[in-house]
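Trainee: Structure here, sequence nowhere to be found:
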Ligand SMILES: Nc1ncnc2c1ncn2[C@@H]1O[C@H](COP(=O)(O)OP(=O)(O)OP(=O)(O)O)[C@@H](O)[C@H]1O
């Protein structure tokens, strides 16, 4: 295991000149490990800082641990104590529902609850005793690039791309400060993909959102991310700027990038 803590930095001018330096949250990961029940190492001591207001892309071969790493960040599995910190707080000491509100997650395939789009979007706030008005729900839909004609539709009436945007609006209704995206566009057509990418970039620029995004698409990562972590066999083997991916030095990373591009 490398004891080195990877610090992600960018010279992206949007980030440098963002008005949101005092907003957003950061993650610090220190030696995060996971071993399967059969004793097979899945994560081998991930140590990386994820600064606030940055879009961090995670790429790597299938089975390298990308989803596992992401899922630790909102305790879909329980990391060891003293390994994942959100703004300085060990996440295992935080209230898990509060953590998941702050750290929203979107998966490859959207799963909507029964009821209308509006019911779905109101769900999270309602758990906290807050009733969103139609106007507030419409605003969230707009943020996810959908218009208010969707309010009364049900999940069955939506395409996968539209459902994914509703799932995004539902996550945003919790006013998260971090978005964890696990291949959020892999089931979508190019236009829906572009819509989601645009929304992600807008959220970073307008709200200073911190985003950690797993993707199999190198091109997508190059379009969206400020910085890219290459994960191989449960370790971050390289941290690169999106424009420098071809300069990866690790042999497995090189091979993966050659085959993926
Ligand atoms: N709960 C579990 N028990 C045992 N093994 C697991 C568990 N979860 C994941 N794994 C294994 O850990 C490794 C990493 O899985 P993970 O889903 O994080 O990889 P990934 O990089 O996201 O892969 P992909 O790109 O295919 O989605 C895989 O070998 C997987 O089979």
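Mentor: Nice, thanks for sending it over. Quick caveat: nothing in here was measured; it's all calculated off a predicted structure.
Trainee: Please count neighbours and contacts with C-alpha atoms only from this point.
Mentor: Will do.
Trainee: so which residue of the stretch 101-250 of the chain comes closest to the ligand?
Mentor: Nearest residue of the stretch 101-250 of the chain to the ligand: residue 216, at 6.9 Å (CA to the nearest ligand atom).
Trainee: what's stretch 217-235 in contact with?
Mentor: Stretch 217-235 has contacts (CA atoms under 8 Å, 6 or more residues apart in numbering) with 8-10, 12, 41-46, 54-61, 63-66, 197, 200-201, 215, 236-243, 252-253, 257, 260-261.
Trainee: Give me the number of neighbouring residues for the residue nearest to residue 86 when sequence neighbours are not counted.
Mentor: Nearest in space to residue 86, with sequence neighbours left out and distances taken as CA to CA, 6 or more residues apart in numbering, is residue 27 at 4.7 Å. Here the number of neighbours of residue 27 (other CA atoms under 10 Å) works out to 21.
Trainee: Could you do residue 153 as well?
Mentor: Other residues within reach of residue 153 by the criterion other CA under 10 Å amount to 15.
Trainee: Surely residue 175 forms part of a strand?
Mentor: No. Assessed with DSSP: H, G, I helix; E, B strand; the rest coil, residue 175 is coil; it does not lie in a strand.
Trainee: Start at 44, not 1
Mentor: Shifting the count to begin at 44 puts that one at residue 218.
Trainee: contacting residues for it?
Mentor: 144, 145.
Trainee: biggest helix in this protein by residues?
Mentor: Criterion DSSP state H: the longest helix present in the chain is helix 233-250.
Trainee: any idea how far that one is from the chain center?
Mentor: 12 Å (CA atoms, centre = their mean, to the nearest Å).
Trainee: The helix or strand following it pairs with which strands, and in what direction?
Mentor: Later in the chain than helix 233-250, the nearest helix or strand by DSSP states H and E is strand 253-257. Using DSSP bridges, the strands paired with strand 253-257 are strand 98-102 (parallel), strand 221-225 (parallel).
Trainee: what mean pLDDT does stretch 246-261 have?
Mentor: For stretch 246-261, mean pLDDT rounds to 92.
Trainee: From one end of it to the other, what's the distance?
Mentor: This stretch, stretch 246-261, spans 21 Å end to end (CA to CA, to the nearest Å).
Trainee: So for it, what gets flagged as buried?
Mentor: Within stretch 246-261, the residues that qualify as buried are 246-248, 250-259, 261, counting by 16 or more other CA atoms under 10 Å.
Trainee: and residue 171, how many neighbours?
Mentor: 9.
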